[in-house]
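Enquirer: fold the following, please.
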Amino acid sequence: MKALQGVEGRVEWVQEPSPTCDVGQVRIRVAAAGLNRADLLQKAGLYPPPPGASQVLGLECSGVISEVGPGSSWQVGDRVCALLAGGGMAEEVVVDGRHVLPVPDGMSLAEAAALPEVYATVWLNLFQLAALKPGEKVLLHAGASGIGSAAIQLCKAFGNPCWVSVGSAERLAYCEALGAQGGVVRNGDLDSLRDLGPFDVILDPVGGNYAELNLKVSALDGRWVLIGLMGGREAKLDLAQVLGKRVQLLGSTLRSRDDRFKADLFSDLRQHVWPLFAEGRLSAQLAKTFAIKDAEAAFAELASNKVAGKLVLLIDASLR
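Expert: Model (predicted):
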């Protein structure tokens, strides 16, 4: 099979051996794969896959099941999307059948490729780890990103007013159209978030240079969920504020979680989140698709930090 590898800071579409399909697994003929910042980091040699995971890029994909291992309830021909520790940007992938969900009715495979990583990330971090309750206020940094787009929609669906920090006025307008109450542009006055808070939960893919701000705008018993380090790995914190406000700092990653954890997470998604797509309350927010031959351009666009929503690579355009 052909697959996309990160090689010395660039991507190459190369020949790879086809994986075997074992007990509980399914083989997916890949239609499309979503792009994530983790792919950018892996391409640059900064984020190696977990032990035992594929070296091929891609943490999520969509496609059609072409083989079913013993013990799986899926059927050949099912249209699905999947969460992966790696390997999605390939002609085919083998994955634990418990990490697969059906493509929502009426949705294309290209759109479905933009769902698994972001909705799993938001559900895990806001609703499971931070135990977000209806009515609590949420701050989403990088609010126009794929994760931010999913978070805004889920907050709206579950009765949580949310605000964002973003990179431009255009992206702020995008977030407000999705359901955000408002927010700030990061090259302006971020401290004005204090006038919008305090916030019960902060979803933070930035880290470093936002850490001091996060403490200032946290509510009493606030939960600050750190999911990325776009703003650096070091920060100076006033620990008196952590104590005084009883702030919980939760560090969270999804890729390295074990199979059982991801299976339970996907079971929750299927029960609580997937029905909302059929109701029209959630969407993929697919910003743009790229043919696999244009993968380098897709990665460059993601790296520009100007994308509102998700980018997707089309692996097999014959699959819809």
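
Enquirer: can you pull the contacts of T121?
Expert: For T121, the set of contacting residues under the criterion of Cβ atoms under 8 Å, 6 or more residues apart in numbering consists of 147, 150, 227, 254. All C-beta atoms are positioned from the backbone trio N, CA, C, and that covers glycine.

Enquirer: burial count for A240?
Expert: The burial metric for A240, expressed as a neighbour count using other Cβ atoms under 10 Å, is 9.

Enquirer: that one belongs to a helix?
Expert: Yes - read with DSSP: H, G, I helix; E, B strand; the rest coil, A240 is one of the residues of a helix.

Enquirer: from K216, how far out is it?
Expert: Relative to K216, A240 is positioned 12 Å away (Cβ to Cβ, to the nearest Å).

Enquirer: who touches the helix of greatest length in the chain?
Expert: Longest helix in the chain, counting residues (DSSP state H): helix 146-157. Around helix 146-157, the neighbours that count as contacts under Cβ under 8 Å, 6+ apart are 34, 36, 114, 117-119, 121-123, 126-127, 138, 140-143, 161-162, 164, 166, 175, 178-180, 203, 205, 227, 273, 276, 281-283, 285, 308-310.

Enquirer: now, those residues that are in helices?
Expert: With helices defined by DSSP H, the entries of these inside them are 117-119, 121-122, 175, 178, 276.

Enquirer: just put those in JSON lines and tack on distance to A317.
Expert: Supplementary listing: these in JSON lines, determined by distance: Cβ to Cβ, whole Å:
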{"residue": "E117", "distance to A317": "21"}
{"residue": "V118", "distance to A317": "23"}
{"residue": "Y119", "distance to A317": "24"}
{"residue": "T121", "distance to A317": "27"}
{"residue": "V122", "distance to A317": "29"}
{"residue": "C175", "distance to A317": "31"}
{"residue": "L178", "distance to A317": "28"}
{"residue": "L276", "distance to A317": "28"}
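
Enquirer: and these as CSV, adding pLDDT and distance to D259?
Expert: Compiled in CSV, these are given as follows (pLDDT from 0 to 100; distance: Cβ to Cβ, whole Å):
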residue, pLDDT, distance to D259
E117, 98, 16
V118, 98, 20
Y119, 98, 19
T121, 98, 17
V122, 98, 21
C175, 98, 34
L178, 98, 32
L276, 98, 26
